[in-house]
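Chemist: Requesting a structural model of the entry that follows:
(one chain, ligands or ions: 1)
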Amino acid sequence: MRYLVTGGAGFIGSNLVDELVRRGHTVVVLDDLSTGKESNLDSVRGKIDLRIGTIVDLATLQSACKGADYVIHLAARASVPKSVADPIETNTVNIDGTLNVLVAARDAKVRRFVFAASSSAYGESPSLPKTEKMAAEPISPYGVTKYVGELYAQVFGHAYGLENASVRYFNVFGPRQDPSSQYSGVLSRFMYAVIHNDPPTVFGDGEQSRDFTYIDDVVDETLRACEAPGASGKVFNGGTGARATLNQVLKILQEITGKKICAKYEPPRTGDILHSQADISLARKVLGYKPSVQFEEGLRRTWAWYKSAYGGK
Ligand code: UD2
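Modeler: Residues are numbered from 1 along each chain as shown. All right, here's what the predicted structure looks like:
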């Protein structure tokens, strides 16, 4: 099968591309390299068709979509605080860009469009775990854009018969997550700090919790969302069903790394929610998804990667 992966040079995208190539599929990657890196695709160099371009340009997408059986749409400005700082840019890429991907996928008559949605759609309603039936109440511009992407995907199903599925990722972590920006995912920031013997920064009291999901499980669920019969038109949580607080994470990291970790605590970030945890029964039932990497094991694998990539001792 032929897959177009937008954002395929990024953290999640490149891991997904590795797996698609391993399964013998033909892969086109479209990435503007704004946060993605060509080096993330080193292991599949020569085996994929990498196109450097933006989803904001419809013609680029139309060309990339030609002949595709599946489109997996990951390209996005993927940060809550960045969206608070610059909502227009996030809106342009995440909403206008997604609409372009949908139009190109529709015109290319692909079998299914799969969208990387986000748990941020749930906002701060206190009930846990989050089920897909709960109302979406995003509290950040980023959350709004990701929710709109799901709606657009479903509308393209209704209006044009385009098969679609969305997976709401819950705090994905693992090898290749870029720690270099202030907007990077918290686990990558923590590991980067620990490697350099710097104190990790915790925004708030560290008692906020997240459903940290290891990359391999997210890749598995996303590929299931492409193929599973009965998945079209649906939105699935992409998590593990468990959660950990940042203070718990720091404790486990201390055990794994063997280093004494003293975090510094700063005021909470605007747009942050307190707790997040997925109910994954729908994904279990419809996709046959079952997370396979325990949080601690995922942290160990990730720490091993950061040490080799960033030279920690
Ligand atoms: C949101 C989404 C997630 C995904 C992600 C994309 C939720 C619950 N999750 O993740 O699904 O779409 O955005 O970026 O909305 N923090 C620190 N120190 C740091 C960095 C972060 O304490 O150095 C805190 C941060 O304030 C937050 C928590 O860690 O309370 C998680 O932050 P994050 O940026 O890793 O991810 P989050 O939850 O905004």
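
Chemist: where does the protein have low pLDDT?
Modeler: Applying pLDDT under 70 to the chain flags residues 312-313.

Chemist: Up against the ligand, what does the stretch 101-250 of the chain have?
Modeler: The stretch 101-250 of the chain comes close to the ligand at residues 118-120, 169-171, 185-186, 189, 201-203, 208, 210, 246, as judged by CB under 6 Å from any ligand atom. C-beta coordinates here come from the backbone N, C-alpha and C atoms, glycine included.

Chemist: Of those residues, grab the buried ones for PyMOL.
Modeler: Selection of the buried residues among those in PyMOL, burial being defined by 16 or more other CB atoms under 10 Å:
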select buried, resi 118+119+120+169+170+171+185+186+189+202+203+208+210+246
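
Chemist: Please enumerate the strands of the protein.
Modeler: Assigned by DSSP state E, the strands in the chain fall at 2-6, 26-31, 49-52, 70-73, 112-118, 164-169, 172-173, 201-203, 209-210, 213-214, 234-238, 244-245, 264-266.

Chemist: one step back: Arg224: which of the residues of the stretch 101-250 of the chain next to the ligand is nearest?
Modeler: Proximity of those to Arg224 (CB to CB) peaks at Tyr169, which lies at 13.9 Å.

Chemist: you'd agree the closest one is up against Asp211?
Modeler: No: Tyr169 is beyond contact range of Asp211, at 9.7 Å (criterion: CB atoms under 8 Å).

Chemist: of all the strands of the chain, which lies closest to Ala85?
Modeler: Nearest of those to Ala85, taken as CB to CB: strand 201-203 at 14.7 Å.

Chemist: rewinding a little: find residues that contact each of Tyr169 and Asp211.
Modeler: Counting by CB atoms under 8 Å, 6 or more residues apart in numbering, the shared contacts of Tyr169 and Asp211 are 119, 239.

Chemist: what's in contact with stretch 196-210?
Modeler: Applying CB under 8 Å, 6+ apart, the contact partners of stretch 196-210 are 170-171, 186, 189-190, 193-194, 243-248, 250, 259, 261-269, 272-277, 310, 312.

Chemist: For the residue of the chain positioned farthest from its centre, list the residues it contacts.
Modeler: Relative to the centre of the chain, and counting by CA atoms, centre = their mean, the farthest-placed residue is Lys260 at 30.2 Å. By CB under 8 Å, 6+ apart, Lys260 lies in contact with Gln254.

Chemist: quick one: it and Met134, what's the gap?
Modeler: The gap separating Lys260 from Met134 is 40 Å, by CB to CB, to the nearest Å.

Chemist: now swap in Asn164 and tell me
Modeler: Between Asn164 and Met134 the computed distance is 20 Å (CB to CB).

Chemist: Neighbour count: these two, which is higher?
Modeler: The neighbour comparison of Asn164 against Met134 (other CB atoms under 10 Å) goes to Asn164, with 27 against 14.

Chemist: Show me what the more buried one is bridged to.
Modeler: Phe113 (DSSP bridges).

Chemist: Now the residue nearest to Met1 when sequence neighbours are not counted: phi and psi?
Modeler: The shortest distance from Met1 to any non-neighbouring residue, by CB to CB, 6 or more residues apart in numbering, is to Asp69 (4.4 Å). Note on Asp69: its backbone torsions stand at phi -90, psi -40 [degrees, to the nearest 10].

Chemist: Cross-check the contact I'm expecting between Asp69 and Val110.
Modeler: Yes: counting by CB under 8 Å, Val110 is a contact partner of Asp69 at 6.2 Å.

Chemist: quick one, which of the two is more surrounded?
Modeler: Val110 (22 against 16).

Chemist: Out of the strands of the chain, flag the one nearest Trp305.
Modeler: With CB to CB, the closest approach to Trp305 among the strands of the chain belongs to strand 172-173: 10.6 Å.

Chemist: Show me how the protein divides into domains.
Modeler: Per the record, the chain has its domains at 2-171+215-238, 174-211+241-277+293-304, by automatic domain parsing.

Chemist: which of those sits most buried?
Modeler: Burial among the domains of the chain, expressed as mean neighbours by mean count of other CB atoms under 10 Å, is greatest for domain 2-171+215-238, which shows a mean of 20.

Chemist: what's near enough to touch Ala283?
Modeler: Contact partners of Ala283, counting by CB under 8 Å, 6+ apart, are 167, 221, 224, 236-238, 289.

Chemist: what about 7 Å?
Modeler: The contact partners of Ala283, taken as CB atoms under 7 Å, 6 or more residues apart in numbering, are 221, 236-237, 289.
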